[in-house]
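A.B. asks: sequence below, structure please.
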Amino acid sequence: MLTLGTGPWDLFVQSIDVFTVLLLLGSVSGVTLIFVCAAELREGRIAPSGLAGKLNDLSRAGNWDAVRAAVKDDGSLLGQVVAAAISRMGKDRASIRDAAELAASEGSARWFRRIDLLNVIGNLGPLVGLAGTVWGMILAFTSLGDGGGQAGPADLSLGISKALFHTLLGLCLAVPCLLAYSWMKGRADRLCTRAIVIADEVVERMPASEK
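C.D. replies: Coordinates of the predicted model:
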């Protein structure tokens, strides 16, 4: 006679195995990463409006010493690109642009690497869930075979529902991670592009040699 509970919590308890543990760890990691990335991915860390206005005003006035001081200890992408370019100021125009482009490329890549892990977790979640489902189905039909094919529908339905519970956990892990990744990727792209455009305007005003 079937005595095991069939509610969601009962199925969760009965389904605990290595796949469930992996999915739970992935869920905790994913949620933590979403909050960390959301806290870090802001305008002030990439293209602060205050710095942008200051750099534009100073560069138009030709006050390059003040520009250098403004970006010296600034950790934003905008500040890093301008700092890289100003370190080559007085060299030929191509050299200044190359320094700015390299800093922009490296800085943008660092921001995208921060959120790429969400994409990895989101794509692995359903696969781990599917592996758990397949393993659960194997155990269910093995039990049926061991019973000489005499298992009742209730026993089979419970075994199959436990197996599919892994798929549910995998989807619950994947959906928020992939949604957050899509939103953060778009936001990072917009902010990085804005920082690079502003930096390019400042870089083009820098004095360069005629070589």
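
A.B. asks: just give the number of residues close to Ala109.
C.D. replies: Other residues near Ala109 come to 12 when the count uses other CB atoms under 10 Å. (Each C-beta comes from the backbone N, C-alpha and C, glycine too.)

A.B. asks: Ile121 and Ser29 touch, don't they?
C.D. replies: Yes: at 6.4 Å, Ile121 counts as touching Ser29 under the criterion of CB atoms under 8 Å.

A.B. asks: okay, those two: which has more neighbours?
C.D. replies: Comparing Ile121 with Ser29 by neighbour count (other CB under 10 Å), the higher total belongs to Ile121, at 23 against 15.

A.B. asks: most centrally placed residue in the chain?
C.D. replies: Compute the mean C-alpha point of the chain, and by CA atoms, centre = their mean the closest residue is Ile115, 1.8 Å away.

A.B. asks: contact partners for that residue?
C.D. replies: By CB atoms under 8 Å, 6 or more residues apart in numbering, Ile115 lies in contact with 37, 41, 181, 184-185, 188.

A.B. asks: which members of those residues define the maximum pairwise distance?
C.D. replies: Leu41 and Tyr181 (11.4 Å; CB to CB).

A.B. asks: quick one, which of those two is more surrounded?
C.D. replies: Using other CB under 10 Å, the more surrounded residue of Leu41 and Tyr181 is Tyr181, with 23 against 18.

A.B. asks: for the more buried one, what are phi and psi?
C.D. replies: Note on Tyr181: backbone dihedrals following degrees, to the nearest 10 are phi -60, psi -40.

A.B. asks: then Asp92?
C.D. replies: Reported as degrees, to the nearest 10, the phi and psi values for Asp92 are phi -70, psi 160.

A.B. asks: residues near it, how many?
C.D. replies: 13.

A.B. asks: cool, and the one 10 residues further on?
C.D. replies: Other residues lying near Leu102 total 13 when counted by other CB under 10 Å.

A.B. asks: give me the mean pLDDT for the helix or strand containing it.
C.D. replies: Element membership of Leu102 [criterion: DSSP states H and E] is helix 93-146. Confidence over helix 93-146, taken as the mean pLDDT, stands at 87.

A.B. asks: likewise stretch 40-53?
C.D. replies: When pLDDT is averaged along stretch 40-53, the result is 91.

A.B. asks: quick check: end-to-end length of that stretch?
C.D. replies: 22 Å (CA to CA, to the nearest Å).

A.B. asks: buried sites along stretch 68-82?
C.D. replies: Taking 16 or more other CB atoms under 10 Å as the neighbour-count basis, stretch 68-82 is seen to contain the buried residues 70-71, 74, 76-82.
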